[in-house]
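what would the 3D arrangement of this be:
(2 chains)
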Amino acid sequence: MDQELNIIEKNRIDKLKKLRENGINPFSNKFEKKENIKNIKEKYGSKDKDFFENNRTEVETAGRIIIIRSFGKASFFRLRDGFGELQCYIQKDGLEAKDFELFSEYVDAGDICAVKGHLFRTKTNELTIKVEHLEILTKSVLPLPEKWHGLKDIESRFRKRYVDLIANSEVREIFKKRAEIINFIRSFLNSYDFLEVETPIMQANPGGASAKPFKTHHNALNLDLYMRIAPELYLKRLVTGGFDRVYEIGRNFRNEGISIKHNPEFTMLEFYMAYTDYKYLMSFVEKMLSELSMHICGSYTIDYGEEKLNFEPPFKRIKLKDSLVEIGGFKPDEIDSADKVFGLLSARNTQGISKTDALGELLTILFDEIVEPKLINPVFITDYPIESSPLARRNDIDETVADRFELFIAGREIGNAFSELNDPLEQEERFKSQVEAKIKEGLPAETDNDYIEALKQGLPPTAGCGIGIDRAVMLLTNSYSIRDVILFPLLKPIK
RNA sequence: GGGCUGUUAGCUCAAUCGGUAGAGCAACUGACUCUUAAUCAGUAGGUCCCCGGUUCGAUCCCGGGACAGCCCA
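Modelled structure (predicted):
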């Protein structure tokens, strides 16, 4: 077996065995950490050399040794815990021989150790712990990645995210920011009296979006279930139940391709607000995102790849059809009939369209292809064709469009919102054609009769919005791929 | 699903027009008591992703496969 191990691993296992032989548990759990590194730095980071010379400052902390610089009879090493890093200095003089031997013979970079000592400042004025006692808490058997280049191999980074996190500080920062972003959104919504709820992830009839679901099975009930593709229909049931403002931040699952923008499981925020409409939601979302950008990045303008994004409100608002003219460069009379738009799309060799498609559907496709990639700064596209908005309220003046907007940033859809269709009879009709369309695509579909019942009970006038959290995190952390903002993106298992 | 590219030491990367591979870091040995990627000297470390084929000989050429990345649908 030993022959299969590389020499570093073998050496460290030898050390581990010797520690045990000497009565030292290399995986001890007796140390109680009273102070983290951030606390120490906050308390003493501003104290100067004289302070430490005149006031002996005992500290005790623990963390992973990131790097050791040894001089034989003395060494510097860097200790990191979940909150910060601090340099330590250990010297043969004045230390019990046993303690120094433990360090010089048995401790490797990567080990997790407790240290006790007093603070001082080095010649270069760096706050440092002069170690008087050291204890190995966890022996690390595998070496750390290269100290300068870190772990670069993308596949290893995702498969061994724990090593990625140890080696690459930018990665740690991204996931801290991700948590801050979600915290901000939560407190923003809470401050508007939204109620956070949890709705079923396993659903017998997956609705609320058009996507292929993952299938699973409940044995005891002998029941096929699907992982939700959206929480929408459940959240609106709750508004019917009297929770006027609800939201859920949670995982959705779509059994579709993987790309720079898509992971099979991803995190969505959906929130619903009774007695408002989609127009109000535009200003609400605008406020949330601009404050978010200020909170996370300290500015309304942020860099994203080659682009600069400006989150200063108000965001541009434009009707989908107008965007095809203004941004897409089409003349109004080029896109005023299904035939003409079909012609345009065919000329572009667009797949999956049919001569029988309605004008609205074709316009949406043309928009996706031509206009969407050009939408860099945040922009609300409004007045979506009714055909592609089965759960949205029909506009009172223009019957062909829904009271709906989508928010685009950096050429990507970030949010989707509408005034909710709360007429049960119209919803039932729309479900019928949606079910037909889904069945045509081979998706499981049946009318959600219970949802219709809920509407019959009376859903107040409500507007709701979904925001892709991963995509928002990508923007605010200047991340190129969705996999950079998901801790464990889906990969095929090896072998 | 299609196309292109990649996979070499623990990590980051070289090299080979087909003759069994090299550097830095990490490791090990030695020197060194204020370093910041410490420094200096030396040593060791490889199923060149896997399986076939061609060949006297394959990490390299050919075929198949695995995994990954990018682009397209």
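
report the residue ranges of every domain in chain A.
Domain assignment for chain A by automatic domain parsing gives A:2-144, A:167-327+A:375-484.

how many neighbours does the closest residue to RNA strand B within the stretch 251-400 of chain A have?
Nearest residue of the stretch 251-400 of chain A to RNA strand B, counting by Cβ to the nearest atom of the strand: A:Gln351, 3.3 Å away. Bear in mind the C-beta positions are built from the backbone N, C-alpha and C, glycine included. For A:Gln351, the neighbour count with other Cβ atoms under 10 Å is 6.

again with the one 5 residues further on
Taking other Cβ under 10 Å as the criterion, the count of residues near A:Thr356 is 8.

ok, now how distant is it from A:Phe342?
9 Å (Cβ to Cβ, to the nearest Å).

quick one: the longest helix seen in chain A to chain centroid distance?
Counting residues, the longest helix found in chain A (DSSP state H) is helix A:169-191. Relative to its chain's centre, helix A:169-191 lies at 9 Å (Cα atoms, centre = their mean, to the nearest Å).

how about stretch A:280-288?
Taking Cα atoms, centre = their mean, one finds the center of stretch A:280-288 at 21 Å from the center of the full chain.

RNA strand B is nearest to which of the domains of chain A?
If you check each of those against RNA strand B by Cβ to the nearest atom of the strand, domain A:2-144 wins as the nearest, at 2.6 Å.

so A:Ser70 makes contact with A:Ser104?
Yes - shown here, A:Ser70 and A:Ser104 form a contact pair, counting by Cβ atoms under 8 Å, at 7.4 Å.

of those two, who's got more company?
A:Ser104 (16 against 12).

the more buried one falls within a helix, correct?
Yes - when classified by DSSP: H, G, I helix; E, B strand; the rest coil, A:Ser104 is found to be part of a helix.

return the distance of it relative to A:Leu79.
From A:Ser104 to A:Leu79 the distance is 17 Å (Cβ to Cβ).

return the most buried member of the domains of chain A.
domain A:167-327+A:375-484 (a mean of 18; mean count of other Cβ atoms under 10 Å).

any idea how far that domain is from the chain center?
Chain-centre distance of domain A:167-327+A:375-484: 15 Å, with Cα atoms, centre = their mean.

next SSE after the longest helix of chain A?
strand A:195-196 (DSSP states H and E).

can you give the strand pairings for the helix or strand that that following strand is followed by, parallel or anti for each?
Note on strand A:195-196: by DSSP H and E, the next helix or strand toward the C-terminus is strand A:202-203. The strands that strand A:202-203 pairs with in its sheet are strand A:223-227 (antiparallel) (by DSSP bridges).

near RNA strand B, which residues of the stretch 201-350 of chain A?
A:Gly257, A:Ser259, A:Ile260 (Cβ under 7 Å from any atom of the strand).

any idea how far the nearest residue to A:Leu79 once chain neighbours are set aside is from A:Pro145?
Excluding its sequence neighbours, the residue lying closest to A:Leu79 (Cβ to Cβ, 6 or more residues apart in numbering) is A:Gly63, at 4.4 Å. To A:Pro145, A:Gly63 is 18 Å away according to Cβ to Cβ.

tell me the spacing between the nearest residue to A:Val401 once chain neighbours are set aside and A:Arg317.
With Cβ to Cβ, 6+ apart as the criterion, A:Val401 has its nearest non-adjacent residue at 4.1 Å, and that residue is A:Asp383. To A:Arg317, A:Asp383 is 10 Å away according to Cβ to Cβ.

swap in A:Ser210?
Between A:Ser210 and A:Arg317 the computed distance is 25 Å (Cβ to Cβ).

noted, bye for now.
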